[in-house]
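> Quick one, structure for this:
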Amino acid sequence: MNDKTKSQDDVRTQVRAGYAEIATRDSALGAGGCCGPSRSCGGPQRLAEHIGYSDTELADLPEGADMGLSCGNPTAIASLKASEVVLDLGSGGGFDCFVAGPKVGATGSVIGVDMTPEMLSKARSNVTAYTERTGLDNVEFRLGEIEHLPVGDDSVDVVISNCVINLSPNKPQVWREIARVLKPGGRVAVSDLALLRPLPDVVRADVEAMVGCIAGAELVENTERFAQEAGLTDIHLEYKPRYIEAMTSFEDPLYQKIIAALPAGTQPADFITSLNVTARKPE
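Prediction:
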């Protein structure tokens, strides 16, 4: 095993451990929140409403599916349609899968992939409640890494992901996998954290910041390049600064820690943004 492979495995181990803790923690927030194991952001529903989820989308969610780990609403920017096959990268407790399910209906399907067994167990335990509330049996969850998706070539209409790709130690490979599994003409809609400029080394080296979706964030221009190099087209980037503003105003502990490590006179929003990325696979 070379040093690069070992480093990538170390990152996955750190992230898997952090999200296993989130999945199993018994707390007032349901399981942590705000994309990391020690956040305090006013509760998952408050965050979900702040970043664009409607009351209708949240109404039929199984209890505990919204774990406050979102930084956008990819199901909205994906403009999901009936009968589509949707793949959610890093599906966690199933939040976006359960939001997407009613949008694609009984003739569509949603596949959630997560590398953390504890998250997978949590998501699968929510399926019964989802079916009882919606009358739909169209959501499933698979164990796997987003760099090596357990999904066939050209088999998915839409790929979504919410604040997860930033956690990957090999983001170009994730984008290549997205292109592989999409059907010709299929589309991707990602909400993620991205960098406007490089973070100080002390933040990038922080394990808590890594699990909190910040230390692993990529520069915006690199995110666009990864999608292009994977062969995707019609790439559109939309900056969504409200998420970072919310985390700062909620006095999220990780963001307060980051503020203390930033150069004087700067704020997290000077470095980090929530980013919506949409693209298509050529016909």
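> Could you export whichever strand or helix holds residue 275 as CSV, CA atoms only?
Assessed by DSSP states H and E, residue 275 sits inside strand 272-280. Provided in CSV are the C-alpha atoms of strand 272-280 (Å, rounded to 0.1, in the frame of the first residue of the first chain):
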residue,chain,number,x,y,z
ILE,A,272,-16.4,28.5,2.6
THR,A,273,-19.6,28.4,0.6
SER,A,274,-22.5,26.0,0.1
LEU,A,275,-22.5,25.2,-3.6
ASN,A,276,-25.1,23.7,-5.9
VAL,A,277,-23.7,21.8,-8.8
THR,A,278,-25.8,20.5,-11.7
ALA,A,279,-24.6,18.8,-14.8
ARG,A,280,-25.6,16.2,-17.5
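> So which bits of that strand are buried?
272-280 (16 or more other C-beta atoms under 10 Å). (Glycine included, C-beta is placed from N, CA and C.)
> what does stretch 149-160 give?
By neighbour count with 16+ other C-beta under 10 Å, stretch 149-160 contains the buried residues 149, 151, 156-160.
> now the helices for this protein?
3-24, 44-50, 55-59, 74-77, 95-104, 117-125, 127-134, 171-181, 201-204, 207-211, 220-229, 242-249, 253-261 (DSSP state H).
> which of the buried residues of stretch 149-160 sit farthest apart?
Farthest pair in the buried residues of stretch 149-160 (C-beta to C-beta) is 149 and 157. Separation: 14.7 Å.
> so where's the stretch 1-150 of the chain uncertain?
Within the stretch 1-150 of the chain, the stretches with pLDDT under 70 are 1-6, 11, 14-15, 17-19, 22-23, 25-52, 64, 66-70.
> which ones are touching the residue nearest in space to the middle of the chain?
By C-alpha atoms, centre = their mean, the chain has its centre lying nearest to residue 162, at 2.4 Å. Neighbouring residues of residue 162 by C-beta atoms under 8 Å, 6 or more residues apart in numbering: 69-74, 88, 90, 95-96, 190-192.
> switch the cut-off to 7 Å
Contact analysis of residue 162 by C-beta atoms under 7 Å, 6 or more residues apart in numbering lists 70-72, 74, 96, 191.
> one step back: could you redo the buried residues of strand 272-280 as a markdown table and give each row pLDDT and distance to residue 82?
Formatted as a markdown table, the buried residues of strand 272-280 follow (pLDDT from 0 to 100; distance: C-beta to C-beta, whole Å):
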| residue | pLDDT | distance to residue 82 |
| --- | --- | --- |
| 272 | 86 | 36 |
| 273 | 89 | 33 |
| 274 | 88 | 28 |
| 275 | 92 | 28 |
| 276 | 94 | 23 |
| 277 | 97 | 24 |
| 278 | 98 | 20 |
| 279 | 98 | 22 |
| 280 | 98 | 19 |
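> From those, pick the one nearest residue 242.
Nearest to residue 242 among those: residue 274, at 7.3 Å, using C-beta to C-beta.
> so the closest one touches residue 193, yeah?
Yes. Counting by C-beta atoms under 7 Å, residue 274 touches residue 193, with 6.1 Å between them.
> Who are the contact partners of residue 150?
113, 142, 144.
> Can you read off the backbone torsions of it?
phi -80, psi 60 (degrees, to the nearest 10).
> now it: how far from residue 224?
Noted for residue 150: a distance of 27 Å to residue 224, by C-beta to C-beta, to the nearest Å.
> hmm, back to that, so which of the buried residues of strand 272-280 comes closest to residue 232?
residue 279 (4.0 Å).
> And the closest residue in space to residue 107 that isn't next to it in sequence, how close does it get to residue 134?
The shortest distance from residue 107 to any non-neighbouring residue, by C-beta to C-beta, 6 or more residues apart in numbering, is to residue 83 (4.3 Å). Separation of residue 83 from residue 134 (C-beta to C-beta): 16 Å.
> more crowded one of these two?
Here residue 83 and residue 134 are compared on neighbour count by other C-beta atoms under 10 Å; more neighbours surround residue 134, at 18 against 11.
> is it true that the more buried one touches residue 59?
No. Judged on C-beta under 7 Å, residue 134 makes no contact with residue 59 at a distance of 10.2 Å.
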